[in-house]
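[1] Okay, here's the prediction I keep looking at, along with the sequence it came from:
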Amino acid sequence: MASSSGFDLSGSTSTVDSSLWQWGDAGGADGEDSGYGQGGDSFDETSFKGGRDAVIFLIDCSPSMFEEFELRTETATGGDSDGEGGDDEDGEGSTTSTTYFSQAVKATHAAFQNKILTSDRDLVSVVFYSTVKRKKPEDADTVYVLSELDLPSAEQIQNLEEIADGRFDFEGAIGSSDDYSLKNALWTCSNLFASVRQRIETKRILLFTNNDNPHLTQDDARKQASTQARDLVDMGIDIDLLHMSKPGQSFDLKLFYKPYIVNTEEEVEGNASQTFEQLLRRTRVKCSSKRARMTIPWTITGGFDIGVRVYNLIGTATKASYIRLDGKSNREVATKTRYYCSETSAPLLSTDMKSTYTYGGEKVVFEKAEVDAMRSFGKPGLLLMGFKPSSALRKEYNVKKSSFIYPDESIVRGSTRAFTAFLDSCLRLDKVPICRLISRTNSPPDFVALLPQAEVLDEESKVQTMPPGFHMIVLPFADDMRQIKHDKLDFEIDPEEVEAAQKLIKSMTFKAFSSDNFTNPTLQKHFAALEALALDKDAPDEVVDLTVVTDFPSKVHKRAQAMNAKLYDPIGYNPESATGAKRKPASSGGAKRAKAGAAGAAAGAGDAGIDEAQVKALYDNGQVSKLKVADLKAFLKLKKQQLQGTRKAELVAQVEQYFDLL
């Protein structure tokens, strides 16, 4: 299968650095990627595959790719963020001269940077076509294999960086030619995939070009290219077209590429308006493999199953775990665990050991088979229990992060049709399926709610922004629920205070905010330091922390000061004062409390810090429990009451009993 995407470089920024590339696409838990497929209206199970990924970056090097154009760096100046209107206006910006080839290489360079940090087990390669020279005599004409399909390396990144920055003499070492063969380029990619000995689940070609009609006047070459492209699709090799349109022109997919590209109705076929940053994002998405967390049956009733795959759309991006090395030789250290008997020091095998749990102070011993039997609740899968209105699903019921399920024909044929029928019906009826989930053998069961989601397309480009399917939300059991009691916020609020708070909220309301537009600064600094060491850079690239607010608009400051004057000035509290938030000492002398052993000193401290009227007021409101244990003890000693316990509940009950008898 294949897909395409387009972009126009006429109005985008020219600088390409690590800040434009969102590092940390480490994926979800269980080592799975968090991305999902680019399916259309129908469910295309081939968009989701697991295992090792292999990507070839195929870049057109024809003279048209080296045509220069002006790349404008725009500066946006917007109004205040009061949420009350005011459209942003584009400010003046500078222009930089660049080429389509340079931008394609920079996007490839950024993709390699991402791969080496987040998917270093995947295989990548760079192939140039429409070249004068070839790397090896046995290579096909007009094709130059810059790097074979292999694990990403620092040397590959350095080579791409030199080509992108113009430090490499491309014309002298490789050369650009009008005499090319797209068939040879695709055939070379097929051979690269075939030469890999490792097991590959996903094979993809990312094709960068600005020529929408190759071999226009060469019928034989055009037919050969078409045949080779069709053969690649038949072999399960995806061709992702990242086409570039010249300023003022459109890239027409119908002229050549559309028969080999699926879901072209979702892509821009006319004048592309995407910026270069969007090219980086699209390249990043297409480079990311889509691995399923699990493949399980969804049982509707006895004998009626639907095959589904479960994906993690969101997962915490983390740093790779460090590897221990020998302090003398710097060789990797292997970790081994052995168990020994505490009495005889004899080594133990797994069959020699049992499990024990403490119950009521006694140790209960279980055999391994007994432990496995207690953990077994059935075969892995989803079991439909019933349906509830979507309004019954509360946001705070997320015990774990949600997953996403999509039909899988490999388990049960016809799953796509049945899944689509359930999804459409749930959307129309506004219902949520409630299921029991057993994720794997010997895993405990969970109740899950399947929140239906319809497909969403971008209004202008018609590109899919959200896929159709169900979000699987894990629900809490009764044992997981917690009850928290707080006193009612019973305060008389002045209307002027409410108005001041409303104005402050309006002035700080986001016009457009999404957390997925911000990268984790901790990961960015870590990756930048790794890259600097691996590539022998003098210093790591500067990482901009986008979570830091440098300054608020003047309107926000004014309204914050107005709210401060309304709320805090009357009570004499200064939030900017270093001592304003500190608790005042219990006594004017500021002496520290004596140790618990000094009963007389404790009684004296209680005398100075405990007011009977204050305790009586708390008793009248049923809030004696607000007092600290030390205050409760001090009050009882002040009243010459013998302590009937040391726990807070006992002390509270004794204080309440004291006032009950008055």
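    That came through, no problem.
[2] State the phi and psi torsions of residue 436.
    phi -100, psi 130 (degrees, to the nearest 10).
[3] ok, the residue lying closest to it once chain neighbours are set aside - contacts?
    Leaving aside its chain neighbours, residue 436 sits nearest to residue 383 (4.5 Å; criterion: Cβ to Cβ, 6 or more residues apart in numbering). Glycine gets a C-beta too; all of them are placed from N, C-alpha and C. Listed by Cβ atoms under 8 Å, 6 or more residues apart in numbering, the contact partners of residue 383 are 299, 435, 436.
[4] roughly how far out does whichever helix or strand the first one is part of sit from the chain middle?
    Same thing as residue 299. Using DSSP states H and E, residue 299 maps to strand 294-301. On the basis of Cα atoms, centre = their mean, to the nearest Å, strand 294-301 sits 26 Å off its chain's mean C-alpha point.
[5] Go ahead and name everything in contact with it.
    So strand 294-301 is contacted by 305-310, 380-384, 405, 408, 410-412, 418, 435, 439-440 (Cβ under 8 Å, 6+ apart).
[6] ok, of these, which come out buried?
    Listed as buried from those are 305-310, 380-384, 405, 408, 411-412, 418, 435, 439; burial here means 16 or more other Cβ atoms under 10 Å.
[7] now, which of those residues lie within helices?
    Residues of the buried ones among the contacts of strand 294-301 located in helices (DSSP state H): residue 418.
[8] Hmm, residue 467 is touching residue 423, no?
    No: the pair residue 467 and residue 423 fails to qualify as a contact (Cβ atoms under 8 Å) at a distance of 10.9 Å.
[9] about what we covered before: bridging across strands, which residues link to the residue nearest to residue 436?
    Beta-bridge partners recorded for residue 383 (DSSP bridges): residue 299, residue 436.
[10] Which single helix of this structure contains the most residues?
    helix 100-118.
[11] pLDDT score for residue 3?
    Predicted confidence (pLDDT) for residue 3: 44.
[12] Apologies, that question was intended for residue 425.
    At residue 425, pLDDT is 94.
[13] The one 5 residues further on now?
    According to the per-residue confidence, residue 430 scores 93 in pLDDT.
[14] I figured residue 184 was touching residue 144, is that so?
    No: the criterion here is Cβ under 8 Å, and residue 184 misses it with residue 144 at 10.9 Å.
[15] shared neighbours of those two, which are they?
    With Cβ under 8 Å, 6+ apart as the test, residue 184 and residue 144 both reach residue 129.
[16] out of those two, which sits in the busier spot?
    residue 144 (25 against 21; other Cβ atoms under 10 Å).
[17] Determine the three-state secondary structure at that one.
    strand (DSSP: H, G, I helix; E, B strand; the rest coil).
[18] Roughly how far does it sit from residue 244?
    20 Å (Cβ to Cβ, to the nearest Å).
[19] does residue 619 belong to a helix or a strand, and which?
    Using DSSP H and E, residue 619 falls in helix 612-620.
[20] For that helix, what does the pLDDT average out to?
    If you average the pLDDT values across helix 612-620, you get 83.
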